[in-house]
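> prediction below, plus the sequence it came from.
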Amino acid sequence: MSMAPSTPRKSVPKDRFPTLFATLKTQTYYDPSSTRGPGSHTIRTIAWNPTGHLIATGSADRTLRIWNPEKPQVKNSTELRGHTGAIERVAWNPIKEAELASVSSDGTCRFWDVRSKTCIASIPLGGEGLTIGWASDGSLALVGRKDDILIPIYLGPDSLPTAGLPLPQPLQTNQTLFNPVGPPTTLLLTTGDGCVKICSWPPPSPTQAMANGAAPNHNNRAVSHSRSSTPVPQSSASSLQSLHTLHAHTSACISLALSPTSRYLAIGGSDALISLYDTHDWICRRTLSSLSGSVKSVSFSWDGSYVIGGSDEGTGFDIAHVETGETVARVETTAPAPCLSWHPNGKYWIAYSGDSGGLKIVGAAGGGM
């Protein structure tokens with residue numbers, strides 16, 4: 001499935017950005033599920049599809065919904081049903097605009113065809129799901145469980161998604177991120193001791209798995225064509241090979257984001273700081289300190305010029321200029337906004353969770369360029 005071509009846009013320079021951003025109007029996407037009880041519809045995760053024409057939200061009350069940003073009425077949205085626990089993370093296939101993955105505390109990762117509203121596959125994880133990251137070529141999704149075990153799920157054009165060998169991690173692992181272009185060769189992951197580890201991918205196959213034939217053929221990154229969706233037993237677990245470690249924060253690293261230009265890596269910590277690392281030499285160029293709690297999400301604007309972070313404490317969030325660290329604008333909220341994300345494709349829109357009423361998108365109601 002090919003994606004619609006992007007519309008070329010010009011980046012807005014730092015001196016003009018505050019004026020432009022002030023004209024953007026915010027749209028609220030009200031979900032009737034929010035009437036189920038106080039806090040029951042707390043949005044845990046949001047994600048734009050690759051073209052920016054759709055946005056997915058996952059909630060504590062098991063609601064998984066797909067919104068069209070230009071049609072805020074719930075009747076124009078799609079609810080995907082099947083999870084029996086809180087939706088912890090949603091992520092879109094980077095090369096398919098209508099394929100979505102969702103991870104839940106119900107112990108499954110589900111893959112969805114949004115257009116047909118069907119669940120393509122449900123993968124048992126053997127534990128509560130927490131996070132998920134796609135490889136940029138769409139061949140692999142890496143799920144993280146709450147007990148810090150990573151489960152790779154391989155996807156092929158002619159087979160159902162298939163779970164590979166589990167990867168137990170020695171420390172708290174909150175988010176993973178693959179290299180931004182081509183097949184997966186490098187994996188970045190946060191750790192509970194304030195570091196980001198850069199590892200090679202695929203992990204070396206363990207001797208035991210090689211002996212019993214359980215390991216997938218990693219040499220050519222082939223995808224298993226088995227129709228089974230049962231994870232490999234943990235006794236055959238393999239390990240990641242570390243290439244480099246960034247000692248980024250004084251406490252746990254929580255969130256990661258790579259700028260669209262791949263120039264900077266943003267790391268959010270439980271110390272309420274966002275560190276910006278230059279990927280050319282892996283040196284921290286600047287630190288942002290406007291948040292008041294653990295940084296649950298970080299996001300770059302489509303051009304890589306601006307960065308934001310979401311926290312589960314305090315209200316409002318600042319927009320910082322990446323090259324200088326200066327605050328250029330602020331979004332005021334009535335509640336903490338832990339989940340936020342810039343529009344991926346040529347617009348300075350920001351989607352965020354936290355305020356009453358549901359998902360909000362700055363810019364979707366008009367204004368701007």
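Perfect, thanks for sending it. Numbers count the residues shown, from 1 in each chain.
> would you agree residue 339 is in contact with residue 46?
Yes: contact criterion Cβ atoms under 8 Å: residue 339 and residue 46 qualify, at 4.9 Å. All C-beta atoms are positioned from the backbone trio N, CA, C, and that covers glycine.
> hey, what's in contact with both of those two?
352-353 (Cβ atoms under 8 Å, 6 or more residues apart in numbering).
> what sits against residue 309?
Residue 309 touches 255, 266, 268, 274, 288, 291, 295, 297-299, 317, 340, counting by Cβ under 8 Å, 6+ apart.
> lowest-confidence entry in those residues?
Within these, the minimum per-residue pLDDT falls on residue 291 (93).
> so it is in which element?
Using DSSP states H and E, residue 291 falls within no helix or strand.
> how near is it to residue 256?
As for residue 291, its distance to residue 256 is 16 Å (criterion: Cβ to Cβ, to the nearest Å).
> between the contacts of residue 309, which has the most around it?
residue 268 (31 neighbours; other Cβ atoms under 10 Å).
> what helix or strand is it on?
Applying DSSP H and E, one finds residue 268 within strand 264-269.
> buried residues in stretch 254-263?
Buried residues in stretch 254-263, counted by 16 or more other Cβ atoms under 10 Å: 254-260, 263.
> scratch that, stretch 103-117 is what I was asking about
Neighbour counts over stretch 103-117 (16+ other Cβ under 10 Å) mark 103-112, 114 as buried.
> show me the contacts for the most centrally placed residue in the chain.
By Cα atoms, centre = their mean, the mean C-alpha position of the chain lies nearest to residue 91, the distance being 5.8 Å. Counting by Cβ under 8 Å, 6+ apart, residue 91 makes contact with 47, 100-101, 132-134, 141.
> out of those residues, flag the one nearest to residue 334.
residue 47 (23.2 Å; Cβ to Cβ).
> which strand or helix spans the closest one?
strand 43-48.
> can you name the next helix or strand after that strand?
strand 55-59.
> now do that following strand: distance to the chain's middle.
Counting by Cα atoms, centre = their mean, to the nearest Å, strand 55-59 is centred 11 Å from the centre of its parent chain.
> what's the average pLDDT for the helix or strand that that strand is followed by?
With elements assigned by DSSP H and E, the helix or strand that comes after strand 55-59 is strand 64-67. For strand 64-67, the mean per-residue pLDDT is 97.
> next helix or strand past strand 64-67?
strand 78-80.
> which residues are in contact with residue 131?
88-89, 103, 143-144, 174-176.
> return the subset of these lying in helices.
With helices taken from DSSP state H, there is no overlap with those.
> among those residues, which are in strands?
88-89, 103, 143-144, 176 (DSSP state E).
> OK, contacts around residue 257?
177, 265-266, 297-300, 307.
> show me what it bridges to in the sheet.
For residue 257, the beta-bridge partners under DSSP bridges are residue 266.
> go on, residue 284?
Here residue 284, judged by DSSP bridges, has bridge partners residue 277.
> which residues touch stretch 20-31?
Residues contacting stretch 20-31 (Cβ under 8 Å, 6+ apart): 12, 41, 57, 59, 63, 65, 67, 69, 72, 74, 77, 319, 328-329, 348-349, 355, 357-369.
> how far away from the center of its chain is that stretch?
Distance, centroid of stretch 20-31 to centroid of chain: 22 Å (Cα atoms, centre = their mean).
> in that stretch, what counts as buried?
Within stretch 20-31, the residues scored as buried using 16+ other Cβ under 10 Å are 20-21, 24, 26-27, 29, 31.
> show me the contacts for the spatially closest residue to residue 191 that is not a sequence neighbour.
Of all residues not flanking residue 191 in the chain, residue 171 sits nearest, at 4.4 Å (Cβ to Cβ, 6 or more residues apart in numbering). For residue 171, the contacting residues are 148, 191-193, by Cβ under 8 Å, 6+ apart.
> re earlier: of the buried residues of stretch 254-263, just say which sits nearest to residue 239.
Of the buried residues of stretch 254-263, the one sitting nearest to residue 239 (Cβ to Cβ) turns out to be residue 256, at 20.6 Å.
> surely the closest one and residue 190 touch.
Yes: the pair residue 256 and residue 190 passes the contact test of Cβ under 8 Å, sitting 6.0 Å apart.
> what residues are shared contacts of the two?
In contact with both residue 256 and residue 190: 175-176, 196, 267, using Cβ under 8 Å, 6+ apart.
> buried ones in the helix or strand encompassing the residue nearest to the centre of the chain?
Following DSSP H and E, one finds residue 91 within strand 87-92. Within strand 87-92, the residues that qualify as buried are 87-92, counting by 16+ other Cβ under 10 Å.
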